[in-house]
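# predicted model follows, preceded by the sequence.
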Amino acid sequence: QVQLVESGGGLVQAGGSLRLSCAASGIIFRVNAMGWYRQAPGKQRELVALFPTGGNTNYADSVKGRFTISRDNAKKTVDLQMNSLKPEDTADYFCYARVLRSLFDSYGTEYWGKGTLVTVSS
């Protein structure tokens, strides 16, 4: 199996910063796409930032210029640096990865972390 473990959530005042980290472990040949989604109370899960399988990094318009995603392929980790946080950034943040589990796995399987709560007070 594959596990995604997030860390770094917490309570911060508006204008502050937090850094989220996610590490993938288990039977992994290669991690293709990897990134972060979030879900606020009463709302659908939405993309925050993503390294897709191919192409450029994707950011939600609402976080562009404030959040930065980074990745270490060797360590199978992805981080999200969140600056200038706003109360509307309050949500559960979920790590996402599409993982190839063998050389013969051409499509991959999607995995999700359990989530880490980010609360931004006004």
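Looks like it arrived, so ask away.

# contacts, neighbours, all on C-alpha from now
Noted.

# could you list the buried residues of stretch 15-27?
Buried residues in stretch 15-27, defined by neighbour count with 16 or more other C-alpha atoms under 10 Å: 17-24.

# same question but for stretch 51-64, I mixed them up
Within stretch 51-64, the residues scored as buried using 16+ other C-alpha under 10 Å are 51, 59, 63.

# residues in contact with it?
32-35, 47-50 (C-alpha atoms under 8 Å, 6 or more residues apart in numbering).

# inside strands: which ones of the residues you listed?
32-35, 47-50 (DSSP state E).

# would you turn those residues into a markdown table with neighbour count and pLDDT?
Shown next, in a markdown table, are these (neighbours: other C-alpha atoms under 10 Å; pLDDT from 0 to 100):
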| residue | neighbour count | pLDDT |
| --- | --- | --- |
| Asn32 | 19 | 91 |
| Ala33 | 18 | 94 |
| Met34 | 28 | 96 |
| Gly35 | 27 | 97 |
| Leu47 | 18 | 98 |
| Val48 | 24 | 98 |
| Ala49 | 25 | 98 |
| Leu50 | 24 | 97 |
